[in-house]
Every structure is written in C-alpha cells, then in structure tokens.
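S.K.: predicted model and sequence below, questions to follow.
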Amino acid sequence: MSHKYIFEMIEIDLPFCSRTWGNSPCTASLSSKTKNKCWNLRAGCGDVPNFAEGTPLTLRFCKDGPIPKGLVAFPVLSSVKASSPTVNIAGSDPDMSSLGKLASLSFTLGDFTYHERGIDPYLADRISGAAQFSGIGYTPADQGTFLNKLKDRWPNYAGANVRRILGYIVDGVLTDAQTQHFFIKEIDGPNNGAVSVKAYGVLDLANKKTALCPKPTSGVIDRDMTATSTTFTLTPAGVGNAQYAASGWVCISSEIMRFARVGNVFTVARGQRRTAASSHSAGDTVQQVYTARRARIDTVLHDLVQNYTDTPTTYLDAAQRLQNSDEVGRWGASILLETDIVTPTAVATLLSELSDLGCSIWEDEFSQKIKIRMNRPVDTDIVRAVSDRTAKDIRQKDNDQDRLTQILFMSKRSDPTKPLSDDTNFDVKMLTVDPDAMDLHNGKISSRTIRTRWLDQGDDATVAIASLRLLDRFKRAPKTVSITLDAKEKGVRLADVIEVNSDELADSTGLPSSKLLQVTSREEPIAYHDIKVLCQAFSFDGRYWYIAPNDAPTYNLATDEQKATYAFISPDADGFTDDIAYQVI
C-alpha cells in the first residue's frame, strides 16, 4: 500500500561565483588583508572586479520527516507562514493600498553544525590550512554553526530568491507540487539557536527606497543662468554620461526644459510643459524628468517595473509587456497617459495611482508574473461554478462604506512641478454623478475624489470612462463573500470569476440566487486541506459585451454563445426581443 505524506520545503538561492579562487581570470590570493579563501560568495571575494555570478547555490530546508528520494535538504524547518497577495479592484477599497496586500512568507530554521561538503568549494583546503593565510586548518563541523557562519559570509542577502514548495510524497517521490516565489527581506538570529526569515512578493521591490522614478540625478549647473540662456554645463565632470539620457526633459527649480546633451554640456529649450523660464543660480540641481506622451497604461506599467525596480525579467512578458496585456488592448486601449514627473517618487506610489484609471495590478507568486486587470464586466473569463454542495462554507458581508454615488476626478495639472495634493493646480475637475445610485440610497452621497498626474493632456473621455465604470460597479455596496473550498480547487487564483449559487445568497423571494464574484484574496489555512477565497461582487448593471466582428451574423441568427460574447447594435429599442439592449461603457 502506498503512503501519502504532505511535504513542505523552503529553497534559498545564494548568488554563487562561477570562478575558482586564484585561477585566471580570478587573481585572488591570501594575504594579511585577505586571510581566508572565499566561499564563492560576494562578501569575502578576493578579486571583486572579476566576481562573476553563475548558477546559484540552492539550499533546501524541510521539516523533520520523510524526504523525497535523491533530495538533499536540511530537516531544520520548524514553522512556516505564507500569505498570498490581495488584489484591490481598481483601488476601490479605501482601507487598503491600491496595490492590495503584498504576498509574504515567514519561516524559522533551527541552526546546526555541518561538515559543509557540497557547499564549500575549498573544503579540503579549509581542513589542511591551505585556505587560510595562517596555514592553520580546522574542521567546519567542529567550529561554529552553519547558519551563523552563513550570515557572515552572505550579509547582503536582501532580494535573494526564496521559494516555498508544497506537495505530496508518494512512494518516495514528490508529486502534485506547487511553488510560491518570494524575495528575502530580513534574517534575524540566530537567537537561542533559531533563525527567522521574512520574505515578500515581487511588488515589494517597488516599495524599496531605491525604487524611484525618475531616478535621482545629482548634476548641478556650474554658473548662474538667465531666463534666456540656452546652454549650461554640469558639474562634476562625467556626471552627464553617467546619469543623464542623450536627450529629453530636465527640471531646474520649478522650470522644465527640453534638452540635448553632449558630455556635460546641455542645449535647452526653456519654459516647457506649462512652466515659465526663470533665472537659476550656480549649484542648482538638474533633475532629469520622467515623461510619458500618449502612452498606453500597460506600456507605462512595464516601463516603471522594468526600468525603475529590481524586478527580475521573469515577471515581465516581453511580447505582451505585462501578463494579461491583451486585456488593456481590449478594455483600455483608449486610455493614453501623458505626464511629467519631476521629483523622484516611489514606484509603488505611481503604480497605485494608475489603479485610479480603472486597472488593478497584482502579482501571481505561483506563475512569477505581474498581472493587469481592467475594471470591466465579465468577458472571456472562465467562470467557476460553486454551490452549497461543492463549498465547505459560504459567508457574506456588506461593505456600505465602499459604495459610490459620485466621483470627482481632477486632471490636467497647470504646473507639473507642484505637488499632487494642490487642488488649485488642476485645470479640469469633472464630477460624475449616478442618479440611479442616488435613488438606491435615498439621496445619500458617497463620494470619491481622484487626483491624477497621468492625464495632463486633459483627457475628458478617459475620465468619463473610468468614472462610469467605477460607478456602475460600486453603486451598490460591494458585497464580499468568503468561500472555503476543498484543496482540490487549488487552481483558483486572484481575479478569477466565480458564480455562486447558495442559500446564503437568497433573493427577495427566499430562493437561492446565482451571483457573480471576483476573487480578491486567496489563503490556505491548512496546507493541502482547505482553500479560502475572499470574493467581491462582480456586478455591472446592464448588458455589456465586446463589439461583434464584421463577419458576425445578425442578432436574430447569432448563436447563444455569440450573443453572450459580443455586443450587437439595433436600429431601435425593440431590436432585442429576447433580452435587454446592450450598453457601452
């Protein structure tokens, strides 16, 4: 009889050098300054210019118990807590960051002694003494504990890849495994023989103090400038090539200039982007400006993530810019962004602001992708059916504080150098009110104010689309439903659509009703036992679908599938005898 065991493992990748100590091109040698051969890690390297990161050294840790055949893992893992990300649909939840809750992982390892075979490339020299300038050898297992020594050898661990792997061991073989991907942020200890590790999902990299857009530039003008000067030179020498593009926009004080650069010499057009030319003093900082001109929202997202954070390219889809980018082409192609950002700003802040335009951004820690979803009705989504028979538990909660009756949208800044919080700096202030929503709530107003730097061209059409979609979805209190599913439903992911038919969601006559929901968070309280998802009502009043292709039949000849997939246009209101008319949002 085969036995089946739940198996949980942590993998950590160490950036391992592909060179060999003292062998060309490595020129490292022992000395009074370099007392030990390295461990092929960056700290302790004897020839830093020739350090070359190769295949990582992967350390594996598991709990005490059965281990898959052929796997080398240290059975010192004592506790694990993993949290999947939460998606904040179009920034609709004011109590949560617009990027939702980030994925996180924490675990504890017991420290231990170890001979270091298979880990230390110079183990034999360590024992003989040839790896030490003193010539005195030692046995690693008799000198200190492994994790304590590892922290000293690898102090710059932040951002390293760490994975949580869950699966079953059947007849000694790991099966049905799933992997979650994270990045190390903090290692505490050893304390009382234990090491605690905290890791987060990829979007945490956008929160780093170094993840700023535009990147800070430090060049300063070498002499005073009048309001009519068209050239200036930066100091210190070489800063132009090191920090600035060959052309673009820069900002000095509160003036934006268009520039072309050769070395440290800039030729400029003054008073650009609604700013005025003015005089400047020697020593004033020249900050390069981030600009977007009629750019699609997914293009900007890709640019921010790829060029202003340390996000690995595996999380970006080069062909689609970001995973689900075809979603933007279908539901957001007309949303074209235009902005000038003159102050280095956290990328996480900029990504959050984009959600105000009707998109959600989150990470999938299983597939290693960053994903986009526009605020829109059900389209080509695969809808999962859930009922009282298939769910272990269904609970609902109303969220009246999150409903909307009107949206005040501020756009087109008069001066891009002023703070976003300055309400007097917006030329366009559009208030969109949903009278139906007001009627639903007896005239009670629930308002949201959105200030955006991303529509400096004054795009009223985009503002109208974003406002109407938000109002249509959230004019009723966005009910949340918590559903506990069996572990076999582990394929459920964030933003998936679920159709629930339950007595807990009865209609006004008391009969079970069918509701469309969208998954906003996903947890596994007990690994490989339960899947708990939190869902938000996915309701748009009306019948919204994508315009039918030219070769589609007329409505009366269309199949039920075509009617459910595409929108049809009728010359009169009575053209859809079997259903309500389609609407455009």
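M.R.: The structure has been received and is ready for your questions.

S.K.: next one: stretch 334-344 to chain centre, how far?
M.R.: Once both centres are worked out by Cα atoms, centre = their mean, to the nearest Å, stretch 334-344 turns out to sit 19 Å from its chain's centre.

S.K.: which helix or which strand is home to G167?
M.R.: Element membership for G167, per DSSP states H and E: strand 161-170.

S.K.: residues touching the most centrally placed residue in the chain, list them.
M.R.: What sits nearest the mean C-alpha location of the chain, by Cα atoms, centre = their mean, is L203, with 3.4 Å. Shown here is L203, whose contacts under the criterion Cβ atoms under 8 Å, 6 or more residues apart in numbering are 85, 99, 102-103, 348, 351, 361-363, 370. For every residue, glycine as well, the C-beta is placed using N, CA and C.

S.K.: just flag the most distant two among the residues you listed.
M.R.: By the measure Cβ to Cβ, the contacts of L203 have their two most distant members at A103 and L351, which lie 15.2 Å apart.

S.K.: can you list the strands that the helix or strand H181 falls within pairs with?
M.R.: Taking DSSP H and E as the criterion, H181 maps to strand 173-191. When sheet partners are counted by DSSP bridges, strand 173-191 sits next to strand 161-170 (antiparallel), strand 194-200 (antiparallel).

S.K.: list the contacts of the closest residue to D402 other than its chain neighbours.
M.R.: Nearest residue to D402, sequence neighbours excluded (Cβ to Cβ, 6 or more residues apart in numbering): P478, at 5.1 Å. With contacts defined as Cβ under 8 Å, 6+ apart, the neighbours of P478 are 92, 399, 402-403, 536-537.

S.K.: in a markdown table: these, plus distance to V492 and neighbour count.
M.R.: Below are the contacts of P478 laid out as a markdown table (distance: Cβ to Cβ, whole Å; neighbours: other Cβ atoms under 10 Å):
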| residue | distance to V492 | neighbour count |
| --- | --- | --- |
| S92 | 21 | 22 |
| N399 | 21 | 16 |
| D402 | 23 | 18 |
| R403 | 26 | 19 |
| Q536 | 14 | 23 |
| A537 | 17 | 20 |
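
S.K.: widest-spaced pair of the residues you listed?
M.R.: Among the contacts of P478, the pair separated by the greatest distance (Cβ to Cβ) is R403 and Q536, at 12.2 Å.

S.K.: once you drop chain neighbours, what's closest to D142?
M.R.: Computed as Cβ to Cβ, 6+ apart, the closest residue to D142 that is not its neighbour in sequence is T113, at 7.7 Å.

S.K.: next: Y114.
M.R.: Closest residue to Y114 apart from its sequence neighbours, by Cβ to Cβ, 6+ apart: F146 at 4.2 Å.

S.K.: quick one: name whatever helix or strand follows the helix or strand bottoming out on mean pLDDT in the chain.
M.R.: The weakest-scoring helix or strand in the chain, judged by mean pLDDT, DSSP states H and E, is helix 435-440 (a mean of 59). Scanning forward in sequence from helix 435-440 by DSSP H and E, the next helix or strand is strand 447-451.

S.K.: export that next one to CSV, keeping only CA atoms.
M.R.: C-alpha atoms of strand 447-451 as CSV (Å, rounded to 0.1, in the frame of the first residue of the first chain):
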residue,chain,number,x,y,z
SER,A,447,-18.1,60.3,-3.0
ARG,A,448,-14.6,59.5,-4.1
THR,A,449,-12.0,62.1,-5.2
ILE,A,450,-9.3,61.2,-7.6
ARG,A,451,-6.3,63.4,-8.3
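
S.K.: neighbouring strands for it, and are they parallel or not?
M.R.: Taking DSSP bridges as the criterion, strand 447-451 pairs within the sheet with strand 406-413 (parallel).

S.K.: list the buried residues of the following helix or strand past the strand it pairs with.
M.R.: Along the chain past strand 406-413, the next helix or strand (assigned with DSSP H and E) turns out to be strand 426-433. Buried positions in strand 426-433, judged by neighbour count with 16 or more other Cβ atoms under 10 Å: 426, 428, 430, 432.

S.K.: which of these scores worst on pLDDT?
M.R.: Within the buried residues of strand 426-433, the minimum per-residue pLDDT falls on T432 (84).

S.K.: how far does stretch 290-304 sit from its chain's centre?
M.R.: Mean C-alpha position of stretch 290-304 versus that of the full chain (Cα atoms, centre = their mean) differs by 16 Å.

S.K.: ditto for stretch 188-197
M.R.: Its chain's average C-alpha position is 29 Å from that of stretch 188-197, according to Cα atoms, centre = their mean.

S.K.: give me the mean pLDDT for that stretch.
M.R.: The average of the pLDDT scores along stretch 188-197 is 93.

S.K.: what about that stretch, start to end distance?
M.R.: Taking Cα to Cα, to the nearest Å, stretch 188-197 runs 6 Å from one end to the other.

S.K.: so for the strand holding G167, mean pLDDT?
M.R.: 93.

S.K.: would you map the helices across the stretch 201-350 of the chain?
M.R.: Across the stretch 201-350 of the chain, reading from the start of the chain, the helices by DSSP state H, counting those that start in this stretch fall at 239-243, 297-308, 325-331, 347-355.

S.K.: to A558, which of the ones you listed lies closest?
M.R.: Across the helices of the stretch 201-350 of the chain, A558 has its closest neighbour in helix 325-331 (19.8 Å, Cβ to Cβ).

S.K.: can you give me the mean pLDDT across the closest one?
M.R.: Over the span of helix 325-331, the pLDDT mean works out to 79.

S.K.: same question, stretch 39-52
M.R.: For stretch 39-52, mean pLDDT rounds to 93.

S.K.: try stretch 252-268
M.R.: Throughout stretch 252-268, pLDDT has a mean value of 97.

S.K.: output it in PDB, but only the C-alpha positions, please.
M.R.: Output for stretch 252-268, consisting of C-alpha atoms alone and laid out as PDB, is shown next (Å, rounded to 0.1, in the frame of the first residue of the first chain):
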ATOM      1  CA  ILE A 252      15.800  73.100 -12.500                       C
ATOM      2  CA  SER A 253      13.900  74.600  -9.500                       C
ATOM      3  CA  SER A 254      10.400  74.900 -11.000                       C
ATOM      4  CA  GLU A 255      11.200  75.100 -14.700                       C
ATOM      5  CA  ILE A 256      11.100  72.200 -17.100                       C
ATOM      6  CA  MET A 257      13.400  72.300 -20.100                       C
ATOM      7  CA  ARG A 258      13.800  70.100 -23.200                       C
ATOM      8  CA  PHE A 259      17.400  69.200 -23.700                       C
ATOM      9  CA  ALA A 260      20.000  67.600 -26.000                       C
ATOM     10  CA  ARG A 261      23.300  66.700 -24.300                       C
ATOM     11  CA  VAL A 262      26.900  66.100 -25.400                       C
ATOM     12  CA  GLY A 263      29.000  65.100 -22.400                       C
ATOM     13  CA  ASN A 264      28.300  67.600 -19.600                       C
ATOM     14  CA  VAL A 265      27.100  70.300 -22.000                       C
ATOM     15  CA  PHE A 266      23.300  70.800 -22.300                       C
ATOM     16  CA  THR A 267      21.500  72.700 -25.100                       C
ATOM     17  CA  VAL A 268      17.900  73.500 -23.900                       C
END
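
S.K.: gap between it and the chain center?
M.R.: Relative to the centre of its chain, stretch 252-268 is centred 33 Å away, using Cα atoms, centre = their mean.

S.K.: repeat that for stretch 489-498.
M.R.: Averaging C-alpha coordinates over stretch 489-498 and over its chain gives two centres that are 18 Å apart (Cα atoms, centre = their mean).
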